[in-house]
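S.K.: Here you go, sequence then predicted model.
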Amino acid sequence: MRELAVSLWDVGNGQGPRQLAELGLALVLSSLIGWEREAQQKSAGLRTHTLVGVASALMMEISRYGFTDVLGLDSVSFDPSRVAAQIVSGIGFIGGGLIFVRRDAVRGLTTAATIWLTCAVGMACGGGLPILAVATTALHFVVVRGYPALSARLAKGMVTSVEIRLTYLTGRALLPRLMETCTERGFRILRVTAERLPGRTDPAARVLLRLEGTGDAARLTSELFHAEGVLDADVNAAPEEE
């Protein structure tokens, strides 16, 4: 029994304090990334990112230490990078499941990329590269938290063209008020296309507003969506005129 305990904690066989510390670091870093996604109420949150990071670290540990007993045999060769390559390709099925398209708008790309990054962080921990793992985790927060504010600051004052699709209840003189809201928020209305929606129990219509201005399109869409009588609202970048 004593020999077994010593063997389990022997650093040489890949199951010692160093390997446990690397798994622990993967747990902490991937949990931080997952916590940020959870705070943003994304589909993949704390548990998903943590499991991806720890599992990736464990697979890297297996790649480094799990096959040492057969390396001394004749005609046996081993490339540890093969396991790492399979981790990178295998994580794609999780990332792909987070991406979906709604009305020509792609959703979930950032969360899918974060899953991929968390996988890389776990691999770095399991591969014995803790400084790179910590640095990458810090860069994640710089990108997902800092870049939106930077983009908004750079875009402030720049004229942008957007298309907002609204589904609203008719018979309330609602459309003129919605168009007035658009102009009050710094947008000029370029085109309005409306159509009734057949087959609905309520008198609903859909309108496409093509706008141009310097305002915040996402904030405007949120305001229109919460207007009384509006059933749905979505915003996309307007296609360029041919």
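M.R.: Now that the structure is in, tell me what you want to look at.

S.K.: give me the element the most centrally placed residue in the chain is part of.
M.R.: Nearest to the mean C-alpha position of the chain, counting by CA atoms, centre = their mean, stands Thr111 at 1.1 Å. Secondary structure from DSSP states H and E places Thr111 in helix 109-126.

S.K.: Off-centre distance for that helix?
M.R.: Distance of helix 109-126 from the chain centroid (CA atoms, centre = their mean, to the nearest Å) equals 10 Å.

S.K.: for it, which positions count as buried?
M.R.: 110-126 (16 or more other CB atoms under 10 Å). For every residue, glycine as well, the C-beta is placed using N, CA and C.

S.K.: before we move on, what about stretch 26-40?
M.R.: Buried residues in stretch 26-40, counting neighbours by 16+ other CB under 10 Å, are found at Ala26, Leu27, Leu29, Ser30, Ser31, Leu32, Ile33, Gly34, Glu36, Arg37, Glu38.

S.K.: Three-state assignment for the first one, please.
M.R.: When classified by DSSP: H, G, I helix; E, B strand; the rest coil, Ala26 comes out as helix.

S.K.: check contacts around it.
M.R.: Ala26 makes contacts with Gly53, Val54, Ser56, Ala57, Val121, Gly122, Cys125, Gly126, Ala133, as judged by CB atoms under 8 Å, 6 or more residues apart in numbering.

S.K.: Which residues lie in contact with the last one in this structure?
M.R.: With contacts taken as CB under 8 Å, 6+ apart, Ala133 has the following neighbours: Leu25, Ala26, Leu29, Val121, Gly122, Ala124, Cys125.

S.K.: any idea which element it lies in?
M.R.: helix 130-141.

S.K.: quick one, that helix and helix 109-126 angle?
M.R.: Counting by axes from the mean of the first three to the mean of the last three CA atoms, to 10 degrees, helix 130-141 lies at 170 degrees to helix 109-126.

S.K.: you'd agree the residue nearest to the centre of the chain is up against Gln41?
M.R.: No: between Thr111 and Gln41 there is no contact under CB atoms under 8 Å: 10.6 Å.

S.K.: domain ranges for the protein?
M.R.: With domains defined by automatic domain parsing, the chain comprises 2-154, 160-237.

S.K.: Format those as JSON lines; extra columns: mean pLDDT.
M.R.: Shown next, in JSON lines, are the domains of the chain (pLDDT from 0 to 100):
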{"stretch": "domain 2-154", "mean pLDDT": "78"}
{"stretch": "domain 160-237", "mean pLDDT": "83"}
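
S.K.: Check which helices and strands the helix or strand that contains Ser63 sits against.
M.R.: Element membership of Ser63 [criterion: DSSP H and E] is helix 46-65. Using 3 or more CB pairs under 8 Å, 6 or more residues apart in numbering; DSSP states H and E as the contact test, the elements touching helix 46-65 are helix 17-39, helix 81-90, helix 109-126.

S.K.: Okay, buried residues for it please.
M.R.: By neighbour count on 16+ other CB under 10 Å, the buried set for helix 46-65 is 46, 48-61, 63-65.

S.K.: what does stretch 219-239 give?
M.R.: Leu220, Thr221, Glu223, Leu224, Phe225, Gly229, Val230, Ala233, Asp234, Val235, Ala238.

S.K.: how distant is it from the center of its chain?
M.R.: Counting by CA atoms, centre = their mean, stretch 219-239 is centred 22 Å from the centre of its parent chain.

S.K.: contacts for it?
M.R.: 102-105, 160-169, 172, 174, 177-178, 181-182, 185, 187, 204, 210-212, 217-218.

S.K.: how about 7 Å then?
M.R.: With CB atoms under 7 Å, 6 or more residues apart in numbering as the test, stretch 219-239 has contacts from 103-105, 161-169, 172, 174, 178, 181-182, 185, 187, 204, 210, 217-218.

S.K.: Many thanks, we can stop here.
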